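Q: Mind folding the following:
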Amino acid sequence: MTTITNTALIMFVIALTRRSLCHAFSQQPRIASTTRLLRTALPSTTESPVTVNSRLSRASLPSSLDSRTISENLDVVLSHLTSRRASDETHEAARQISSLNSKRVPLIQKRDEALQTRNNVSASVGKLMAASKGVETEEIALLKKQASDAGEEAAGVETELNEIESEMNVLLASLPNLLDDIVPDGDDDSSNELVSEWGDVNSLPAELGWSSDFAPLWHDDVASNLGGWHADAAVQMSGSRFVSLTGAVARLERAISSYFLDRAIDKGYVEVSPPLVVSRSALEGTSQLPKFEEDLFKIMPESHTCNGQDAFLIPTAEVPLTNMHANQILEEDQLPISYVALTPCFRAEAGSYGRDTRGLIRTHQFYKVELVKITTPQTSDEEHHKLTRHAEECLEELKIPFRKMRLCSGDVGFSAQHCYDLEAWLPSTKEYREISSCSNTGDFQARRMGLRYRPSAVQDDAENAGGKKKKAKKPKPVLCHTINGSGLAVGRTLVAILENYQTEEGDVVVPEVLRPYMGGLEILKKKN
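A: I've put the predicted structure just below:
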């Protein structure tokens, strides 16, 4: 019988534990294959890295990437970039960081030696000056020159180090997060892993009396029949990918937003009304910049800057919510922090030319209720599943069939180490479409924005010489973990409701949970 290494066994236990945690927050059946969750190649020695899902395990790298981590674990980093289907340029960036870090180490040693020489010589000068009662002898003059030369050498090396540090920071900003070992390998969304399904796509049609030959309409046609769709007017004033909603359709959109907000607050999230304009550094902190600048709406500097920095409209409330604690040190007992916000989101959709040009699926401006959590590393996996479950429950209460997908390595977002997509059923096209994306970024964003917490002090039971217990040592701050997800995208939820709740007569039945937000209205009637 083949012997499994301790590391491989540990990874297997981790995978099973995570599956158990998932089950604790969802009663839906798990369809993911265990063999896909863990594919272990037996190493030739116990020191060889374990291969999981066709890449080297990150088990030995619990934190995100810095220059030292990359330099010491370049093989692991490159295997994750390959798994992400990253470009050759991105691979080369990792190699350059490793090379630069190798140059940096001896330079640091050289600078420190020069500084030590300067300090030692300066101390000798002080003693000789005291002995000579302030008279500068030839020996003292020579030592002063040595101290000056050592200082200049240290300054020159420091300049070289700053240049290397600046170059490494630019390269680091181009590298995506390492992947969680549970993420399956794959090229694109066709390789995403089905985790669970909820609802029967035939239940609502049966309840609403759809006949077998009824062809459900697209959501924009349904909204037009209700008199609430005005795409042409929006395009005329704002350009393509903008829509105006009126009447009952606009009210339904507002009802969806209010329901999602109230539900999140009931689950313990704190509502936030954040700024819709953020700085370049805020977007760098959540990693939309520098890589995705073409997808953002930038404000002309003549109109506004953010403390002297470039200003942008937010692409998601994730940016201002997470940055509320940028460059802060929180206390452990403050965590987890859970925020919720309803905001419009603005996206240029630069890479989406020709895709989803019809309706509300992909627009430049849309409303979204965003959920954000700031946690400790020990609780982030559990909180990720809680947040995802909160989004799932919204769809369940709306009775919209959906499926939960684990994104594969080639489809997962730049900042995410593990991501679930929730996809709602759309009967017009007979397909599931993304309605929420719930990501655990680990400490990837926290490192970029300087978000840390101080672990609770542990009391030392030992006694000092006076017989009193020693004072608890104050632990050093460590990086937080951040989690974000849609709870849910309001526009896409409106799409799902209009399509799933339409009747053959052209009316739309209001889901029960939304009726209190619609003044008790049960049916939106087709306009003649």
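Q: all strands of the stretch 351-500 of the chain, in order?
A: 365-375, 402-406, 418-426, 431-440, 452-454, 478-479, 481-489 (DSSP state E, counting those that start in this stretch).
Q: closest to residue 91 out of the ones you listed?
A: Closest approach to residue 91 among the strands of the stretch 351-500 of the chain (CB to CB): strand 418-426, 22.2 Å. Heads up, the C-betas are built off the backbone N, CA and C, glycines and all.
Q: got the CA coordinates for that closest one in PDB?
A: Taking Å, rounded to 0.1, in the frame of the first residue of the first chain, the C-alpha atoms of strand 418-426 are listed here in PDB:
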ATOM      1  CA  HIS A 418     -10.800  31.600  -3.000                       C
ATOM      2  CA  CYS A 419     -14.100  32.700  -4.600                       C
ATOM      3  CA  TYR A 420     -17.700  31.400  -4.900                       C
ATOM      4  CA  ASP A 421     -20.000  32.700  -7.600                       C
ATOM      5  CA  LEU A 422     -23.800  32.500  -7.100                       C
ATOM      6  CA  GLU A 423     -25.600  32.200 -10.400                       C
ATOM      7  CA  ALA A 424     -29.300  32.800 -10.800                       C
ATOM      8  CA  TRP A 425     -31.500  31.000 -13.300                       C
ATOM      9  CA  LEU A 426     -32.800  33.100 -16.200                       C
END
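Q: ok, it: who's next to it in the sheet?
A: Using DSSP bridges, the strands paired with strand 418-426 are strand 402-406 (antiparallel), strand 431-440 (antiparallel).
Q: Quick check: next helix or strand after the helix or strand bottoming out on mean pLDDT in the chain?
A: Using mean pLDDT, DSSP states H and E, helix 34-37 stands out as the lowest-scoring helix or strand of the chain, at a mean of 33. Sequence order places strand 51-52 as the next helix or strand after helix 34-37, per DSSP states H and E.
Q: helices or strands next to the following helix or strand past that next one in the packing?
A: Where DSSP H and E defines the elements, the next helix or strand beyond strand 51-52 is strand 55-56. Packed against strand 55-56 by the contact rule (3 or more CB pairs under 8 Å, 6 or more residues apart in numbering; DSSP states H and E) you find helix 74-83.
Q: TSV for the strands paired with strand 418-426, including mean pLDDT, distance to residue 319 and mean neighbour count?
A: Listed next are the strands paired with strand 418-426 as TSV, based on pLDDT from 0 to 100; distance: least, CB to CB, whole Å; neighbours: other CB atoms under 10 Å:
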stretch	mean pLDDT	distance to residue 319	mean neighbour count
strand 402-406	98	24	24
strand 431-440	98	13	22
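Q: Can you add distance to residue 236 and give those back as JSON lines?
A: Shown next, in JSON lines, are those (distance: least, CB to CB, whole Å):
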{"stretch": "strand 402-406", "distance to residue 236": "35"}
{"stretch": "strand 431-440", "distance to residue 236": "27"}
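Q: Can you get me a residue count around residue 366?
A: Per other CB atoms under 10 Å, the neighbour tally for residue 366 reads 22.
Q: wait, I meant residue 137
A: Residue 137: 12 neighbours (other CB under 10 Å).
Q: OK, contacts around the closest residue to it other than its chain neighbours?
A: Ranked by CB to CB, 6 or more residues apart in numbering and with sequence neighbours excluded, the top spatial neighbour of residue 137 is residue 128, at 7.0 Å. Residues in contact with residue 128 (CB atoms under 8 Å, 6 or more residues apart in numbering) are 137, 139-140, 143.
Q: Which ChimeraX command selects the buried ones in those?
A: ChimeraX command restricting the contacts of residue 128 to the buried ones, with burial defined by 16 or more other CB atoms under 10 Å:
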select :140,143
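Q: Out of the contacts of residue 128, which is nearest to residue 114?
A: residue 143 (15.1 Å).
Q: Which of the three states applies to that closest one?
A: Following DSSP: H, G, I helix; E, B strand; the rest coil, residue 143 is assigned to helix.
Q: Hmm, residue 124 and it touching each other?
A: Yes - Residue 143 lies in contact with residue 124 (CB atoms under 8 Å); the separation is 5.8 Å.
Q: Now for the closest residue to residue 274 other than its chain neighbours: which residues touch it?
A: Residue nearest to residue 274 in three dimensions, not counting chain neighbours: residue 320, with 3.6 Å by CB to CB, 6+ apart. The neighbours of residue 320, taking CB under 8 Å, 6+ apart as the test, are 272, 274-276, 278, 282, 314, 341.
Q: Tell me how far residue 320 lies from residue 338.
A: Applying CB to CB, to the nearest Å, the value for residue 320 to residue 338 is 15 Å.
Q: Return the distance of the residue nearest to residue 291 when sequence neighbours are not counted relative to residue 174.
A: In space, and not counting its chain neighbours, residue 291 is closest to residue 414: 6.1 Å by CB to CB, 6+ apart. Residue 414 sits 10 Å away from residue 174, going by CB to CB.
Q: And for residue 151?
A: Applying CB to CB to residue 151 and residue 174 gives a distance of 36 Å.
Q: hang on, isn't residue 358 packed against residue 218?
A: Yes - using CB under 8 Å, residue 358 is in contact with residue 218, at 7.1 Å.
Q: between the two, which one's more packed in?
A: Set residue 358 next to residue 218 and count neighbours by other CB under 10 Å: residue 218 wins out with 19 against 11.
Q: got a list of what the more buried one touches?
A: 358-359, 428-429, 499.
Q: distance of it from residue 488?
A: For residue 218, the distance to residue 488 - CB to CB - is 20 Å.
Q: now residue 49
A: 39 Å.
Q: repeat for residue 286
A: 20 Å.
Q: Only the C-alpha atoms, please, for stretch 235-242, written as CSV.
A: Taking C-alpha atoms only, stretch 235-242 is exported to CSV below (Å, rounded to 0.1, in the frame of the first residue of the first chain):
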residue,chain,number,x,y,z
VAL,A,235,-28.7,56.3,-24.2
GLN,A,236,-29.6,59.7,-25.7
MET,A,237,-28.4,61.6,-22.6
SER,A,238,-25.6,59.2,-21.3
GLY,A,239,-24.5,56.9,-24.1
SER,A,240,-24.5,53.1,-24.4
ARG,A,241,-24.9,50.8,-21.5
PHE,A,242,-27.2,53.1,-19.5
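Q: If we go by neighbour counts, what in it is buried?
A: 241-242.
Q: can you check stretch 438-453 too?
A: Of the residues in stretch 438-453, those buried (16+ other CB under 10 Å) are 438-449, 451-453.
Q: between these, which is closest to residue 390?
A: Nearest member of these to residue 390, counting by CB to CB, is residue 438, at 9.0 Å.
Q: My guess is that closest one contacts residue 389. True?
A: No - look at residue 438 against residue 389 with CB under 8 Å: they stay out of range, at 9.2 Å.
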